[in-house]
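**Student:** Have a look at this prediction, sequence included:
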Amino acid sequence: ITFFHGRGGTVGRGGGPSYNAITSQPVGSIKDRIRVTEQGEVIGNKYGNVDAAYYNLEMLVSATLNRTVIDNIADNNDLKMYKEYMEEIVNDSYEIYRKLVFGNPDFAMQIKGQTLDHILGSNFSASDAERIVQRLNDFERSMHYDYIPGFLPFFEDLKRHAVKTAVVTSSNKLKMEAAFRYQPALQTMFDRILTAEVFTRSKPDPDCYLLGMRLFETLQEETYVFEDSINGLRSAQASGAHVVGLSTTFPASEVASYANVVIPDFCEFSYEKMLQVK
């Protein structure tokens, strides 16, 4: 038996307790050896003292021996049926994955506004995620981060009225660093910049905006959120804040379902107009 600490779940994830998970493995899948991953936070509980360590090691060893020597001869028809089932599962999983990512023309819009960790964890395998992150980092380093028309005059109007401001973004620190290189003033313009690393849950959960309210010690009825993605708009709406939707990404008719008011840009918007949003 080989033990190592790595990323992932317990031995029994998806298969019940460790003993049952091991003994339920298909015939021939455990040939005298099994590699076990234990989560770091439970290693102390399972192996932190001699009695616990002996108990857990004996359980893993006995399960491995059990699966190795008991019922180790399988009927050929059973093996053939098992392989057919597994092949069917693999093919179905592959087709569903390809349909989700490549067969859905709205996929990019559906994930817009979510954190990268949430997008990758919900839609991609670990190997795919690694390649995606590398390509994404390369792409974002060459992106242009231009202000929406009218933003700077509107922002200056907010500052004249001593309004506290924050960027609450699903982007991670690496992407924000790319934005700072393109727009250096962004680093000091806002009172706070909250990135994906500080949120417990991704948009459309309101966690990010509620965190911003707590940090500013402000109330929902005193908070105004400007959003352009559907997930971001849903997050803002769920937080209880006043929501100004920007139709820069989605049609105004679609944005209107999640916002108190919709604007195409900031050119005709002001502090006084913002206060009228209810």
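**Tutor:** Looks like it came in fine.

**Student:** switch to C-alpha atoms for all contacts and neighbour counts from now on
**Tutor:** Noted.

**Student:** residue nearest the centroid of this structure?
**Tutor:** residue 118 (1.1 Å; Cα atoms, centre = their mean).

**Student:** Not counting sequence-adjacent ones, nearest residue to residue 45?
**Tutor:** Leaving out its chain neighbours, the residue that sits closest to residue 45 by Cα to Cα, 6 or more residues apart in numbering is residue 52, at 7.6 Å.

**Student:** tell me which element that neighbour is part of?
**Tutor:** In the assignment (DSSP states H and E), residue 52 maps to helix 50-69.

**Student:** got it, and residue 209?
**Tutor:** Element membership for residue 209, per DSSP H and E: helix 207-216.

**Student:** Which elements pack onto that helix?
**Tutor:** strand 166-168, helix 230-239 (3 or more Cα pairs under 8 Å, 6 or more residues apart in numbering; DSSP states H and E).

**Student:** Run through who's touching the helix or strand following it.
**Tutor:** Counting by DSSP H and E, the element after helix 207-216 in chain order, helix or strand, is strand 224-227. Strand 224-227 has contacts (Cα atoms under 8 Å, 6 or more residues apart in numbering) with 233, 236, 241-246, 274.

**Student:** Now the buried members of the residues you listed.
**Tutor:** Neighbour counting by 16 or more other Cα atoms under 10 Å classes 233, 236, 241-246 among these as buried.

**Student:** can you tell me which of these are in helices?
**Tutor:** In this view, the buried ones among the contacts of strand 224-227 that belong to helices under DSSP state H are 233, 236.

**Student:** Any stretches of this structure with poor pLDDT?
**Tutor:** Low-confidence segments of the chain, defined by pLDDT under 70: 1-16, 39-41, 71-74, 101.

**Student:** all helices of it, in order?
**Tutor:** So, for the chain - with DSSP H - the helices run 18-23, 40-47, 50-69, 76-102, 107-111, 116-123, 126-141, 151-160, 173-182, 186-189, 207-216, 230-239, 252-255, 271-275.
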